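S.K.: model the following, please.
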Amino acid sequence: MNGAYSGWLIGAALLLALAAVVTTVRNRPMGPVLLIGLGLLEIAVLAQAGFALAGMGRVAEKATFVGYLAGTVVIPPAAVWWGRAERTRWGPGVIAVAAFTVAVMTGRLLQVWSMVP
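M.R.: Model prediction:
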């Protein structure tokens, strides 16, 4: 797993979370900008998962690592589904929580990755 790529991914997820919080505070429903942001976040998470699975031989806690990795892959599509179903201002709130969760879980993935077996 590349620390620079993961750092970029954390930053992008936090930026998306901030945009979703601003949309929620402005009492607006979810728009195409947030959907595009979630799509790009999912593509980035899938790329990270590919890199991580390719070098998983050096991970000490494989079950924990795979669990966090699977969680980061599943969260953005679930947020799209839930955010589109909730047509009030809380749809973007769901997006904010999901993006923040992806950022935190990516940071945890880096911690598990750097543990010496």
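S.K.: pick out the residue nearest the middle of this protein.
M.R.: Taking Cα atoms, centre = their mean, the centroid of the chain lies closest to V102, which sits 2.8 Å from it.
S.K.: list the contacts of it.
M.R.: L9, A13, L41, V45, T72, I75, P76 (Cβ atoms under 8 Å, 6 or more residues apart in numbering). Using the backbone N, CA and C atoms, a C-beta is placed for each residue, glycine as well.
S.K.: pLDDT score assigned to the second one?
M.R.: We have a pLDDT of 97 for A13.
S.K.: surely S6 touches Q48?
M.R.: Yes - the pair S6 / Q48 is scored as a contact, 6.6 Å apart, by Cβ atoms under 8 Å.
S.K.: list residues touching both of the two?
M.R.: Common contacts of S6 and Q48, defined by Cβ under 8 Å, 6+ apart, comprise T106.
S.K.: now L110, nearest residue through space, not along the chain?
M.R.: Once flanking residues are discounted, L110 sits nearest to S6: 5.3 Å by Cβ to Cβ, 6 or more residues apart in numbering.
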